[in-house]
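# Pasting a predicted model and its sequence here:
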Amino acid sequence: MKHGKRYLENAKKVDATKAYTVDEAIQLVKGFSDGKFDETVELVLHLGVDPKKPEQALRGTISLPKGIGRTLRVIAFAEGEQAAKAKAAGADEAGGQELIDKIQNGWLDFDVAIAAPAMMRQVGRLGRILGPKGLMPSPKSGTVSEDVEGAVREFKAGKMEYRTDASGNVHAPVGKKSFSAEDLKANIEAFIERIRQAKPAGVKGRYILGTAVSTTMGPGIPLAVSS
């Protein structure tokens, strides 16, 4: 992969053989040359789990203490009064079959999908579309709920979902480059602690194998995080 001049300049500031403290990593991030937009600061944890085993695949939600610096686009699969309440709570789109049809026709302009349990039989047909993108509603992540209105309100307020990918990694936005160092640190530490607490009972040996923080257009910075 060919990187641009700014990426290469920023990469020179990072010692890839060193594991940085959270404070050191944030200092590096804040010292990176600015891009044309306020870049997202992203955290990735490589875990010693087997994501092919359902009991070891992590999936959950968290509200970071300082937010993530953007409002999520939330849709709701609901009908009648539930759909009206979801819209009133801030849902960008809410509906039943018409919303399902829209997605089947290629529309995916959203970050979170919430569904009323009664809608899941119909929503299940979207599994092949939403599943690979991590957008399929799930009771485990709080995105299948009788309280559609409340779920919409929580996700619009900054609640976000996390899950392991096929390689056992968990990715999460933890703020913007413009955030203060204190706010970035609070979010990074809160997310790492949540993943620690979510350790599956069947995992043996080291759990957190590696951690790195980066900006949208910047190099990864290895973090020194105990398992």
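It's in. Everything numeric in this text was worked out from a predicted model, so none of it was measured. Numbering: from 1, shown residues only.
# For the rest of this, base every contact and every neighbour count on C-alpha atoms.
Noted.
# Can you give the domain ranges for this protein?
5-67+161-222, 74-157 (automatic domain parsing).
# From one end of the longest one to the other, what's the distance?
Domain 5-67+161-222 has an end-to-end distance of 21 Å (C-alpha to C-alpha, to the nearest Å).
# try the last one
Taking C-alpha to C-alpha, domain 74-157 runs 11 Å from one end to the other.
# mind checking how far it is from the chain centre?
Distance of domain 74-157 from the chain centroid (C-alpha atoms, centre = their mean, to the nearest Å) equals 17 Å.
# Could you do the first one as well?
Centroid displacement of domain 5-67+161-222 relative to its chain, using C-alpha atoms, centre = their mean, is 10 Å.
# same question for that domain, mean pLDDT?
For domain 5-67+161-222, the mean pLDDT works out to 92.
# do the last one as well
In this model, domain 74-157 carries a mean pLDDT of 95.
# Please save the CA atoms from stretch 123-139 in PDB.
Output in PDB follows, covering the C-alpha atoms of stretch 123-139 (Å, rounded to 0.1, in the frame of the first residue of the first chain):
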ATOM      1  CA  VAL A 123     -35.400  -8.200   9.300                       C
ATOM      2  CA  GLY A 124     -33.700 -11.600   9.300                       C
ATOM      3  CA  ARG A 125     -33.900 -11.600   5.500                       C
ATOM      4  CA  LEU A 126     -31.300  -8.800   5.600                       C
ATOM      5  CA  GLY A 127     -28.700 -11.000   7.300                       C
ATOM      6  CA  ARG A 128     -26.500 -11.500   4.200                       C
ATOM      7  CA  ILE A 129     -26.400  -7.700   3.800                       C
ATOM      8  CA  LEU A 130     -26.200  -6.400   7.300                       C
ATOM      9  CA  GLY A 131     -24.300  -9.300   9.000                       C
ATOM     10  CA  PRO A 132     -20.900  -8.900   7.200                       C
ATOM     11  CA  LYS A 133     -21.000  -5.100   7.900                       C
ATOM     12  CA  GLY A 134     -21.700  -5.600  11.600                       C
ATOM     13  CA  LEU A 135     -25.100  -3.900  11.300                       C
ATOM     14  CA  MET A 136     -27.500  -6.700  12.100                       C
ATOM     15  CA  PRO A 137     -29.700  -6.000  15.100                       C
ATOM     16  CA  SER A 138     -28.900  -8.300  18.100                       C
ATOM     17  CA  PRO A 139     -30.300  -8.600  21.600                       C
END
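# Sort out which residues of that stretch are buried, please.
Buried residues in stretch 123-139, counted by 16 or more other C-alpha atoms under 10 Å: 123, 126, 129-130, 134-138.
# Check whether Val41 sits in a helix, strand or coil.
Secondary structure, DSSP: H, G, I helix; E, B strand; the rest coil: Val41 is strand.
# what's near enough to touch it?
Applying C-alpha atoms under 8 Å, 6 or more residues apart in numbering to Val41 gives the contacts 173-177, 213-216.
# Could you confirm His171 falls within a helix?
No. Under three-state DSSP, His171 falls outside any helix and is assigned strand.
# In space, not sequence, find me the middle residue of this protein.
Compute the mean C-alpha point of the chain, and by C-alpha atoms, centre = their mean the closest residue is Ala172, 4.1 Å away.
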